[in-house]
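In: predicted model and sequence below, questions to follow.
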Amino acid sequence: MDRNLIQMVIQEEVRGTAKWGDTDKSPSILLNAATEELGEVAHAINHDEGKDAVAQEIAETMGVLSRLYDMVIPPAAPPSPIGRRA
């Protein structure tokens, strides 16, 4: 993935969490938000808004999907030291 796109996605994830973190409490809310953002991508493409606008809309969509992923796929727990041999 393009490094610039990755940076944009991270920025959108942070921005989205700051703006909507108190209301984004369920996966269905984030899934609806992702669907809406994907519509914005289609709009930008269909109306020839330019590659920068399309890239921004894609980054916003991916930012929402990233937050959804973090919500439904919890981070892996570190391995337990119990039962490990030295």
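Out: Structure's in. What do you need? Residues are numbered from 1 along each chain as shown.

In: name the SS class of the residue most central in space within the chain, please.
Out: In the chain, the centroid-proximal residue (C-alpha atoms, centre = their mean) is G63; its distance is 2.3 Å. What DSSP: H, G, I helix; E, B strand; the rest coil gives for G63 is helix.

In: and the gap between the nearest residue to it once chain neighbours are set aside and P81?
Out: Leaving aside its chain neighbours, G63 sits nearest to E12 (3.0 Å; criterion: C-beta to C-beta, 6 or more residues apart in numbering). Where C-beta positions appear, they are placed from N, C-alpha and C, glycine not excepted. Going from E12 to P81 by C-beta to C-beta, to the nearest Å gives 37 Å.

In: now do I29
Out: 38 Å.

In: contact partners of stretch 22-39?
Out: Under the contact criterion C-beta atoms under 8 Å, 6 or more residues apart in numbering, stretch 22-39 has outside partners G16, T17, W20, E57, E60, T61, V64, L65, R67, L68, M71, V72.

In: on the three-state scheme, K25 is what?
Out: Per three-state DSSP, K25 ends up coil.
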